[in-house]
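Visitor: With the sequence up front, the predicted model follows.
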Amino acid sequence: MLYESKCFKIMKNLKLIILISLLISNVSAHPGGLLFPLDCELGKSCWISNLPRHHVQGKQVDFRCGPITYERNDGTDIALKDIKQMNEGVSVISPINGVVELKEEGMSDISAKTIGYKASEGRECGNKIVISNNEMQVKLCHLKNKSIRVSVGDEINAGDIIGEVGLSGLTDHPHLHISLLDKSDTVVREVDPFYGPQSDCGLEPKSLWLNHELMEKHAATGIVYNYGFAFENITAERTMSGEYLHAQPEYTEEFIAFVDIFSVNRGDKLTVTILDSSNNVFAKREHEFGKYQARYFLFAGKNLRGEKLYGEYHLVIKYKHLGGKEDEF
C-alpha cells in the first residue's frame, strides 16, 4: 500500500491542521450482524489496536494465528488518536438490539500508567455498559466518565448512542474495548466477532461484523496513525495529550519527526527519514522491533546547534513487514 508522502513547510507560524472525517453509516439493525461500535472512520480517525486471543498449540494468537493480541485478551480494542480527540467526544454506539444489563461509572479518565496499575485493580474495564439479548451479550469498556446515556433495564436498538470513548480503567490510551459472549447455546462462551462461532484460527473466518471486509482489512500490523514534526523533546505521552509544539518557534535547538504506531510485530522494521528541499537526508532512524507491542513510539531528529531551517522538509515513513511487504506513508 503506497501513501502520498507528507510535506511540511517550515515557517515562523507553522501550523499542522488535522482533518478528521467522521463515518456516517446506515445503522439499521441486521439479524445476527454486529454494527461497528464507534462514530469514527476506521483507518482515518480510529484504529484497531488489539484482537481477541485464541488458544493454539500453547500460544495465544489472533484469528489469523497472528500476533495482534495479548494474554487473556477477550475482546477487540478500537483506539483513538489522542486525548484531544477523546475530549472532543467520540460516540459509542450499541452494536446490537438488547437490554442494558449492567452499568458501572464514576471512574476518572486518567491513564493507568500515570496513576499506577494498582489504582485500577478490580475495575480494569473502567466505566462500562453490558447489553444483552437472547443470543449475545456485549460488554463495552473504558467509557468516558459521565458520558453514559442509558440505564439498567433500558431497551436499546443497534445504532443507539450509549456514551463516549474514554480513558477509564486499566488503559494508557483512549480506546473502546468490546467483548462478546454467545448465549444461544446451553454453554455461554466467548465469541471473536472476526471469527464467529469457530474455536480456533486456521479456518476460514465467518465474521459477525456487518462490514466484515473493512474490519478484516484494518486488523493488521504496522498501523501508522499519528506523525508530525516537533521542535523540542517529545514523548509518547506528550503526543497523546497534545502537549507538544505544533508551530516553529523563533529560536529552536531541535527539529524532530515523530511516529506513533499500533501493532508492531517482532522482526518488522521502521525507517523514519527527514528530507530537505533538495531531497538530502536531514535526519534518519531505522529500528527493528524485538517483540509484538500494541503501541510503539519512535522519533528521528537533529540538534540544530544554531543552524537555521529554511524551505520545505519532507517526512518519509517506511514500515517493512517480516514477510517482505513494505508500506510507505
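Guide: Looks like it arrived, so ask away.

Visitor: in the stretch 151-300 of the chain, which spans are helices?
Guide: Using DSSP state H, counting those that start in this stretch, the helices of the stretch 151-300 of the chain run over residues 212-217, 236-241.

Visitor: Can you list the residue ranges for strands in the stretch 1-150 of the chain?
Guide: Assigned strands in the stretch 1-150 of the chain, in chain order: 6-9, 47-50, 54-56, 59-61, 75-79, 91-93, 98-104, 127-132, 136-143 (criterion: DSSP state E, counting those that start in this stretch).

Visitor: Least confident of those, on average?
Guide: Note on the strands of the stretch 1-150 of the chain: lowest mean pLDDT is at strand 6-9, with a mean of 39.

Visitor: quick one: low-confidence ranges for the stretch 51-200 of the chain?
Guide: Of all residues in the stretch 51-200 of the chain, those with pLDDT under 70 make up the ranges 111-122.

Visitor: can you redo the helices of the stretch 151-300 of the chain as JSON lines with distance to residue 230 and mean neighbour count?
Guide: (Each C-beta comes from the backbone N, C-alpha and C, glycine too.) Below are those laid out as JSON lines (distance: least, CB to CB, whole Å; neighbours: other CB atoms under 10 Å):
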{"stretch": "helix 212-217", "distance to residue 230": "31", "mean neighbour count": "15"}
{"stretch": "helix 236-241", "distance to residue 230": "8", "mean neighbour count": "18"}
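
Visitor: Now mean pLDDT too, for those, in a markdown table please.
Guide: Converted to a markdown table, the helices of the stretch 151-300 of the chain look like this (pLDDT from 0 to 100):
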| stretch | mean pLDDT |
| --- | --- |
| helix 212-217 | 94 |
| helix 236-241 | 86 |
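
Visitor: possible to save those as a markdown table with distance to residue 72?
Guide: Shown next, in a markdown table, are the helices of the stretch 151-300 of the chain (distance: least, CB to CB, whole Å):
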| stretch | distance to residue 72 |
| --- | --- |
| helix 212-217 | 22 |
| helix 236-241 | 24 |
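
Visitor: Quick one: closest of those helices to residue 96.
Guide: Residue 96 sits nearest to helix 212-217 of all the helices of the stretch 151-300 of the chain, at 15.5 Å, using CB to CB.

Visitor: residues making contact with that closest one?
Guide: Residues outside helix 212-217 that contact it (CB atoms under 8 Å, 6 or more residues apart in numbering) are 36, 42, 43, 48, 193, 194, 205, 207, 209.

Visitor: and stretch 266-273, what's its mean pLDDT?
Guide: 96.

Visitor: Show me which of the contacts of helix 212-217 are buried.
Guide: 36, 42, 48, 193, 194, 205, 207, 209 (16 or more other CB atoms under 10 Å).

Visitor: The last one and residue 217, how far apart?
Guide: Residue 209 sits at a distance of 11 Å from residue 217 (criterion: CB to CB, to the nearest Å).

Visitor: Tell me the bridge partners for residue 316.
Guide: Beta-bridge partners recorded for residue 316 (DSSP bridges): residue 273.

Visitor: and it, how many neighbours?
Guide: 17 (other CB atoms under 10 Å).

Visitor: Could you do residue 306 as well?
Guide: By other CB under 10 Å, the residues close to residue 306 number 7.

Visitor: what residues are up against the closest residue to residue 220 other than its chain neighbours?
Guide: Nearest residue to residue 220, sequence neighbours excluded (CB to CB, 6 or more residues apart in numbering): residue 263, at 6.9 Å. Applying CB under 8 Å, 6+ apart to residue 263 gives the contacts 48, 49, 50, 67, 68, 220, 221, 222, 223, 292, 293, 294.

Visitor: Then residue 141?
Guide: 75, 124, 125, 126, 127, 128, 169, 176, 177, 178, 179.

Visitor: Quick one: closest of the strands of the stretch 1-150 of the chain to residue 237.
Guide: With respect to residue 237, and counting by CB to CB, the nearest of these is strand 75-79 at 14.9 Å.

Visitor: just the angle between the closest one and strand 136-143, please?
Guide: Strand 75-79 and strand 136-143 are oriented at 40 degrees to each other (axes from the mean of the first three to the mean of the last three CA atoms, to 10 degrees).

Visitor: Residues contacting strand 75-79, please?
Guide: For strand 75-79, the external contacting residues (CB under 8 Å, 6+ apart) are 37-38, 42, 46-52, 139, 141, 173-180, 193-194, 225, 262, 294-295.

Visitor: now those residues: which count as buried?
Guide: The neighbour-count test (16+ other CB under 10 Å) marks 37-38, 42, 46-52, 139, 141, 173-180, 193-194, 225, 262, 294-295 as buried among the contacts of strand 75-79.

Visitor: mind putting the buried ones among the contacts of helix 212-217 in a markdown table, distance to residue 160 included?
Guide: Output for the buried ones among the contacts of helix 212-217, formatted as a markdown table (distance: CB to CB, whole Å):
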| residue | distance to residue 160 |
| --- | --- |
| 36 | 14 |
| 42 | 20 |
| 48 | 22 |
| 193 | 19 |
| 194 | 23 |
| 205 | 27 |
| 207 | 22 |
| 209 | 18 |
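
Visitor: Mind listing what's buried along stretch 96-116?
Guide: By neighbour count on 16+ other CB under 10 Å, the buried set for stretch 96-116 is 96, 97, 98, 100, 103, 104, 105, 107, 109, 110, 112.

Visitor: Alright, that wraps it up for me.
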